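> need a structure here:
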Amino acid sequence: MMRKYFLICICVFAALIVKAQDPHFSQFFASPLTLNPAFTGKFDGSWRLAANHRDQWPSIPKAYVTTSASIDFPVLQKRIPENDVFGVGISGVSDASANSQLKLNYGSLSLSYHKALDENGYNTIGAGFQGTYSSMNLDVSKLTFEDMLTQNGFTGTTTDILTNGNNQSYFDVNAGVLFSGSTNGENNYYVGASMYHINRPQVSFKDKNWYLAGRITVHAGGTFYLSDVVSLSTSAIHQIQNKASETTIGAAVGLNANNDNVNPTNVYLGSWIRLNDAIIPYIGLEFAGMRIGASYDINISSLKAATGNRGGSEISIIYIKRPAESKGIPCPRF
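Numbering: from 1, shown residues only. The predicted structure is shown next:
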């Protein structure tokens, strides 16, 4: 029983440290529209579906559970210059913390435009914008307040009222830029930056309204072919929000199991590391336009005693519909 209360205290303490940090994924490279709006429509295909699910700190029941889903696609391809990309995307995120006492839901619409810098379309530079409607709900019935405990025992009633109500909603503006390049039409590398909460919306359940701090992200990655059947995919991210920051870097080796470059079956094995926090082993499988990834955070921070090194499990799925006549222009891969 004491261990349970200790874990809850650790969870609350960590939440105070991050100061309302946005939901995040260890497989950030597999959640393009939560990473940078400029990724919208930037892929080789007709449309792309992406989904992610993360269960953080499973030793504390339902401490943080985050799920996202998105669809994006290029549009007006016959009305814009060849090799340019105009992308549109729709995405949503659901984040529940403290056994669903606090729930956050986001719905976003994204637009991007990428301008080709050469006649082959191997190198492009683009920008993206995203509008988001967000809502938060706090289940007061699951909360315990100090004045509920009196000299006569636990009363279950409180005078601590949420003056702004249990539900809060706001509109958010996000934007990003992205450069994508290739040296030979097969490999790909990219570097980008994004900022979320540009308009700093006001959020508060009680009394004073607090401004949601902007999240600044810088990221880069690439896929390089070491041989006809072996590839290396690497990515890194550094992001800052309020006084919280994180840096994650890693790579995965891919093996083309069927030796088919048109419709490959690739197996990926690698690891990422979130500095001063967790080691993140990763395994992935790609076939028929679908890529499935699974990872597990092994906690190495000061919380490892309470979490039993169990930082959290995560799974990602990306499906890209490619027409038979696809030219195979190199794009960022996830």
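> Output the below-cut-off pLDDT ranges for the chain.
Residue ranges of the chain with pLDDT under 70: 1-21, 57-63, 98-100, 140-166, 204-209, 302-311, 325-331, 333-334.
> go again using 80 as the cut-off
Applying pLDDT under 80 to the chain picks out residues 1-23, 56-64, 97-102, 138-168, 203-211, 261-262, 301-311, 323-334.
> Could I get the full set of helices for it?
Along the chain, counting by DSSP state H, helices occupy 2-18, 32-35, 304-307.
> need the contact list for residue 211.
Residues in contact with residue 211, defined by C-beta atoms under 8 Å, 6 or more residues apart in numbering, are 200-203. All C-beta atoms are positioned from the backbone trio N, CA, C, and that covers glycine.
> Which one of those residues is nearest to residue 287?
Distance to residue 287, by C-beta to C-beta, is smallest for residue 201 among the contacts of residue 211, at 41.4 Å.
> quick one: that closest one from residue 210, how far?
For residue 201, the distance to residue 210 equals 10 Å [C-beta to C-beta, to the nearest Å].
> More neighbours: which of those two?
Neighbour count, other C-beta atoms under 10 Å: between residue 201 and residue 210, residue 201 has more, with 18 against 14.
> thought the more buried one was touching residue 168?
No: with contacts counted by C-beta atoms under 8 Å, residue 201 stays clear of residue 168, the gap being 9.5 Å.
> okay, now residue 119: neighbour count?
Residue 119 has 8 neighbours, counted by other C-beta under 10 Å.
> distance of residue 291 from residue 65?
For residue 291, the distance to residue 65 equals 23 Å [C-beta to C-beta].
> which residues of the stretch 151-300 of the chain fall in strands?
With strands called from DSSP state E, counting those that start in this stretch, the stretch 151-300 of the chain shows them at 153-154, 167-181, 188-196, 202-203, 210-211, 215-225, 230-241, 244-256, 266-274, 278-287, 290-299.
> Pull stretch 176-184 out as CSV, backbone CA atoms only.
Only the C-alpha atoms of stretch 176-184 are listed here, as CSV (Å, rounded to 0.1, in the frame of the first residue of the first chain):
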residue,chain,number,x,y,z
GLY,A,176,6.7,24.5,-39.2
VAL,A,177,9.3,24.5,-42.0
LEU,A,178,11.0,21.5,-43.6
PHE,A,179,13.9,20.8,-46.0
SER,A,180,14.1,17.4,-47.6
GLY,A,181,16.9,16.3,-49.9
SER,A,182,18.5,13.4,-51.7
THR,A,183,22.0,12.9,-53.3
ASN,A,184,21.1,10.1,-55.7
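> residues of it that come out buried?
Using 16 or more other C-beta atoms under 10 Å as the test for burial, stretch 176-184 gives 176-182.
> With stretch 279-292 instead?
By neighbour count on 16+ other C-beta under 10 Å, the buried set for stretch 279-292 is 279-280, 282, 284, 286, 291-292.
> Tabulate the residues you listed (JSON lines), appending distance to residue 323.
Below are the buried residues of stretch 279-292 laid out as JSON lines (distance: C-beta to C-beta, whole Å):
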{"residue": "279", "distance to residue 323": "40"}
{"residue": "280", "distance to residue 323": "34"}
{"residue": "282", "distance to residue 323": "30"}
{"residue": "284", "distance to residue 323": "24"}
{"residue": "286", "distance to residue 323": "18"}
{"residue": "291", "distance to residue 323": "18"}
{"residue": "292", "distance to residue 323": "22"}
